[in-house]
Every structure is written in structure tokens, then in C-alpha cells.
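S.K.: Let me see the structure of the following:
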Amino acid sequence: MFTNFNTFEINNQGVRISGRIGGKVDGKPLLLIHGHPQSHTMWHLTAPELAKHFRVVMFDLRGYGDSDRPATDAAHSPYSKRTMARDALQVMSHLGYSRFQVLAHDRGARVAHRLAADHPHAVERMMLLDIAPTLGMYENTTQLFATLYWHWFFLIQPAPLPEALIGDDPVRYLHSVMGSRYGGLAKFAPAALAEYERCAKIPNSAMAMAEDYRAAATIDLEHDRADVAAGKKIDTPVHVLWGAKGVVQQCFDVLKLWRDRATQVSGLPVESGHYIPEENPAVVLEEALKFFKK
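M.R.: Now for the predicted structure:
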């Protein structure tokens, strides 16, 4: 699915991060970050086209794909978005890029948010897909959101319950999350779905996924609240797309929540559910080519 892309691995303080790089050698660097419960494979319909215009870098978040699933701690700090943002920064530094643009979906977009907040010098522009800020989503949770995004509240339960239930049949869990949304599993290419299934079965995947969400409900909120208390906003230009048929559209005022956290925000709903790069890759490419500087 990624012809003409080369694989790489980096080590960030003992955690192995796996990824791919390709595209114009002299093109501006564009970092793609995936969401839950997927891997960089989710960019298979968009990365080859973006590679005609940019130097495209993709990596698997820690806990996902072929990256490591490190042990955690009581504060969930190994899976905080601050730590994952450092992984992203280390990937780009290793490849020789100190400043770059970011296209990110779902959990990856939360990492991108923290990356721009903590390292504004590094992120030139970022385009985020189908999320509102984590703090805004938790503070505006309704019964409808809790019902439709049940995995948010399941995964944050104390260990080892989520790990045990997911570990019993990781593919069933993956199908339950991805298949319960608009369009079901039919929207995923068979080869891509098989790759997500393979990675879900890697040992400690359930632990890592749960820790990602536990961090989002604890330490990540601490970091976000500290930014709000300090009056800190992201100055990086932010462009947001969200699925017109998705849960985020139903439950949140996406632009308002982003404008609470960033100074330069644009965005629009698009014809899609949650998995925009696989449901409507054409709109992702159209908006990306308009927004990102070549």
C-alpha cells in the first residue's frame, strides 16, 4: 500500500517508534499521525498523493502499529500526549526536520495539539480530523456522547478489566469500535483492515490502548487545564475537518471549542463519518493541498 516509501525505526529513550518516509526529497516535510485503534496504514489512500507535493513522514504512535508498547506508571505519563508529542518531535529531528506541517486524525490529532502547544517552533501548520480538544469534549460530555463513544469511558476503567476484556478477543474489540460507526467495516480496504487486526493482536496492545485513554482522562487534562489557567493559546494555524455524519458533529460545536484553544482556526464539516481519510480521501487531499504550504 506504500510503494516508494521507505521504513524507518527510531529509539526515543528506549521506546522503539516505527514509521515510513517518502515523497519529494526536496519537498516541505508533512507529518501524518494516525488515530485509534489504527496505525499509519490509515493513510494508504492519501499519503501517495500527498507525496507528490511534500516529503511525507508517517509513524505509529507508541502503543499502536509496530511501535513499542512500553510499561506504564501510576500517572499514565508514558502514554500522555506530551510524551507522544516528544516521540513525534524525535522522529522529525532524527530525519533532519526541525519545522514541519502536521495532518492528524483522532488520537493523533490530540498528539498534534500537544505538539503545537509544547513546541510551537516546530509546527508550521496543522490540519486535524474529526476531533475537538480533549478538555472541551470531556467538559461537554452528554449522555448521547457517552453512549456513542462508549470506548472512551470503558478504556479509562482501572486495570486489568479493559485489558482482560479486550485481550480475550482483540479483533472483536477492534471491529466493535470501528464497525459501530457510520458506514460500518465495509468502508475499510480489506488489506488495511487486516493490518489493523494484526497489530491489535500484538502483545500488550490492550494495555497500551487503555493507557492512552487513561492518560487522556487524567494527566492530559492536567496539562490542558494548566494551559487554560495560564491563558495560553496555540498560535499555529489550525484547519479542522469533521464528519457531517459522525458523533463529533452531533455532540460538539467544533469550531468554538478549537477557537477557545487556538488563535487561528478554520474548518468545516465534510461528507463522511469518523474515518475521513478512508471514507472520503478526496476531500482530505483537496483541503490539505489548499491549506498546507508547498
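S.K.: remind me, longest helix of this protein?
M.R.: helix 81-94 (DSSP state H).
S.K.: counting contacts, what elements does that helix pack onto?
M.R.: strand 5-12, strand 15-23, strand 29-33, strand 55-59, helix 107-118, helix 219-229 (3 or more C-beta pairs under 8 Å, 6 or more residues apart in numbering; DSSP states H and E). Heads up, the C-betas are built off the backbone N, CA and C, glycines and all.
S.K.: C-alpha coordinates for the last one, CSV please?
M.R.: Extracted as CSV, the C-alpha positions of helix 219-229 are listed here (Å, rounded to 0.1, in the frame of the first residue of the first chain):
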residue,chain,number,x,y,z
ILE,A,219,-2.6,13.7,33.1
ASP,A,220,-3.6,15.2,29.7
LEU,A,221,-6.4,17.1,31.3
GLU,A,222,-3.9,18.4,33.8
HIS,A,223,-1.7,19.7,31.0
ASP,A,224,-4.7,21.2,29.2
ARG,A,225,-6.1,22.9,32.3
ALA,A,226,-2.6,24.4,33.0
ASP,A,227,-2.6,25.9,29.6
VAL,A,228,-6.1,27.4,30.1
ALA,A,229,-5.2,28.8,33.5
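S.K.: Can you spell out which helices and strands pack onto that helix?
M.R.: Contacts defined by 3+ C-beta pairs under 8 Å, 6+ apart place helix 219-229 against helix 81-94, helix 107-118, helix 134-139.
S.K.: can you list these in JSON lines and add mean pLDDT and distance to E124?
M.R.: Listed next are these as JSON lines, based on pLDDT from 0 to 100; distance: least, C-beta to C-beta, whole Å:
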{"stretch": "helix 81-94", "mean pLDDT": "98", "distance to E124": "12"}
{"stretch": "helix 107-118", "mean pLDDT": "98", "distance to E124": "10"}
{"stretch": "helix 134-139", "mean pLDDT": "98", "distance to E124": "23"}
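S.K.: What strand or helix carries Q101?
M.R.: Per DSSP states H and E, Q101 falls inside strand 100-105.
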